[in-house]
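Trainee: Just the structure for this:
(one chain, ligands or ions: 1)
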Amino acid sequence: MNHILSNKNFNIALLGGGQLGKMFLAEARKLDICINVLDPSADAPAQLGANHFQQGDFKDFDTVLKFCSESNAVVIEIETVNVDALEALEKRGVPCFPPSRVLRIIQNKIRQKTFFKEKNISSSSFIIYKNLKSLRHSISNGSQSLPFVWKIGEGGYDGFGVKVIKNEKDTEDLLEGECIAESLVDIEKEIGVVLARDTKGEIRVFPPVEMEFHANANQVEFVICPSDISEEISNKCKDLAISVAESIEVQGLLAVELFISKKGEILVNELAPRPHNSGHLTIEACNVSQFDQLLRCTCKLPLGKIELLTNAAMANLVGEPGYHGSVEFIGLKDALQVHRTTLHLYGKSQTRPFRKMGHVTATGRNIIDARKRAKEFKSLLKIQSRDHK
Ligand code: ADP
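Mentor: Below you'll find the model as predicted:
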């Protein structure tokens, strides 16, 4: 029987054309698979390398249905796509990665946390509030203890959907909407586990990585692989991620963000059913990358058995605070001379503070060495603009 790779009409619809899509396309180009990309921005990073690019709204039911109707499979690179359209496509026999049922749970933090509770997946405890009024009421009558972590169910963006609340005044600038109050975890480490699960239910897990957050930006700054945890804890993290993937029956990728608490508990924080920032370094550090695995799932090819080839550290390269406008890279020549580093630029023409413009992956004899190189690269390359300071 002829496989997909010999069928020149086989094509994948990719919803979202950001950097994740761009890196996915790099894999698709290697296997010469046709990918059509939909993104609202005329300047989307994943235009280059796409067989066909359409500017359009992936949140709109009709646009998505029409765009994907001739496709053999659908892949997303962002969670906010129209999930009803994915469900309609599945009914017509078009497989979606992830399935619409999985995306529906993950799109909303309240449904996600409720799912963890129902399936006995260890995660911090939480209370659901219909709106800010009822949350404030519970704080003032003492039934909601302080401090806690507020999270909006849907619509949080750029770090505006999560906040540690220490007193009632802290609730003043929160976004309105259904939300949760989550118990505050005393975090020792934040760990990411990316895995792929194919349509037969086979799972391949990447090594757990450590995510280091930027002090002010509520954003991952460095990712270190492998994470500096014992083999026993590392295996527990992998097992927990596998049990989540099996409970939710994902197809495609699943990134499982975990907390290791100071008391040594391992808790699931949240899920992403797509390529994830914590998996970018798999391009250089492993024999198969997260993008490669996603492509294999989508094309019903066997998943690669994962091997970690080297220690690695990734640093996100973001727009420097204070600069908005046409991007300018300062110090590129010096940065590129840092040994054992690979630069990925996303091709975004406009920068703004903390916008992800690229990343660098450094490898090394050990993780300290790799992290040092990634940090050096990052400190040499400044992402600025001459337009507005
Ligand atoms: P986002 O969708 O913005 O990534 P997350 O739920 O991952 O939101 O939370 C962002 C960060 O906030 C986490 O990486 C962690 O540092 C912190 N955080 C989230 N939940 C908790 C919690 N229950 N206890 C302590 N810190 C938390």
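Trainee: interface residues of the stretch 101-250 of the chain facing the ligand?
Mentor: Within the stretch 101-250 of the chain, the positions adjacent to the ligand are 124, 149, 151, 156, 159, 161-162, 182, 184-185, 187, 190, 213 by Cβ under 6 Å from any ligand atom. Every C-beta, even on glycine, is put in place using the N, C-alpha and C of the backbone.
Trainee: rerun that using 5 Å as the cut-off
Mentor: Counting by Cβ under 5 Å from any ligand atom, the stretch 101-250 of the chain comes close to the ligand at 124, 149, 162, 182, 184, 185.
Trainee: got a list of what the closest residue to residue 140 other than its chain neighbours touches?
Mentor: With sequence-adjacent residues excluded and distances taken as Cβ to Cβ, 6 or more residues apart in numbering, residue 140 is closest to residue 168, at 6.3 Å. Residues near residue 168 by Cβ atoms under 8 Å, 6 or more residues apart in numbering: 136, 139, 140.
Trainee: taking those residues one by one, which sit in helices?
Mentor: Among those, the ones falling in helices (DSSP state H) are 136, 139, 140.
Trainee: Check the gap between the first one and the ligand for me.
Mentor: In this structure, residue 136 lies at 20 Å from the ligand, with Cβ to the nearest ligand atom, to the nearest Å as the measure.
Trainee: Under the pLDDT cut-off, which ranges of the stretch 1-150 of the chain? List them.
Mentor: 1-2 (pLDDT under 70).
Trainee: which residues of it fall in strands?
Mentor: Using DSSP state E, counting those that start in this stretch, the strands found in the stretch 1-150 of the chain span residues 11-15, 34-39, 52-55, 73-76, 96-97, 126-129, 148-152.
Trainee: before we move on, back to that, most neighbours among the ones in helices among the contacts of residue 168, which one is it?
Mentor: Within the ones in helices among the contacts of residue 168, most neighbours by other Cβ atoms under 10 Å means residue 139, with 19 neighbours.
Trainee: ok, now which ones touch that residue?
Mentor: The contact partners of residue 139, taken as Cβ under 8 Å, 6+ apart, are 146, 165, 168, 171.
Trainee: Among the residues you listed, which one sits closest to the ligand?
Mentor: Nearest to the ligand out of the contacts of residue 139 is residue 165 (Cβ to the nearest ligand atom; 11.2 Å).
Trainee: Spit out the contact partners of the residue nearest the centre of the chain.
Mentor: Nearest to the geometric centre of the chain sits residue 276, at 3.1 Å (Cα atoms, centre = their mean). By Cβ under 8 Å, 6+ apart, the contact list for residue 276 reads 192, 194, 253, 255, 290.
Trainee: Farthest-apart pair in those, please.
Mentor: 192 and 253 (11.9 Å; Cβ to Cβ).
Trainee: Tell me the residues that contact both of these two, please.
Mentor: Common contacts of residue 192 and residue 253 (Cβ under 8 Å, 6+ apart): 276, 279.
Trainee: Please tell me I have it right and residue 182 contacts residue 113.
Mentor: Yes. Residue 182 is within contact range of residue 113, at 7.5 Å (criterion: Cβ atoms under 8 Å).
Trainee: quick revisit: show me how to select, in ChimeraX, the buried members of the residues of the stretch 101-250 of the chain next to the ligand.
Mentor: To isolate the buried members of these in ChimeraX, using 16 or more other Cβ atoms under 10 Å:
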select :124,149,182,185
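Trainee: Any chance of the residues of the stretch 101-250 of the chain next to the ligand in TSV with distance to residue 305 as columns?
Mentor: Formatted as TSV, those follow (distance: Cβ to Cβ, whole Å):
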residue	distance to residue 305
124	34
149	38
162	36
182	37
184	39
185	34
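Trainee: residues in contact with residue 62?
Mentor: Counting by Cβ under 8 Å, 6+ apart, residue 62 touches residue 85.
Trainee: Try it again at 7 Å.
Mentor: Residue 62 makes contact with no residue, according to Cβ atoms under 7 Å, 6 or more residues apart in numbering.
Trainee: what's the distance between it and the ligand?
Mentor: Taking Cβ to the nearest ligand atom, one finds residue 62 at 28 Å from the ligand.
Trainee: what does residue 175 give?
Mentor: In terms of Cβ to the nearest ligand atom, residue 175 sits 12 Å off from the ligand.
Trainee: and the nearest residue to that residue once chain neighbours are set aside, bridged to which residues?
Mentor: Nearest residue to residue 175 in three dimensions, chain neighbours excluded: residue 152, at 5.2 Å (Cβ to Cβ, 6+ apart). Bridge pairing for residue 152 (DSSP bridges) gives the partners residue 179.
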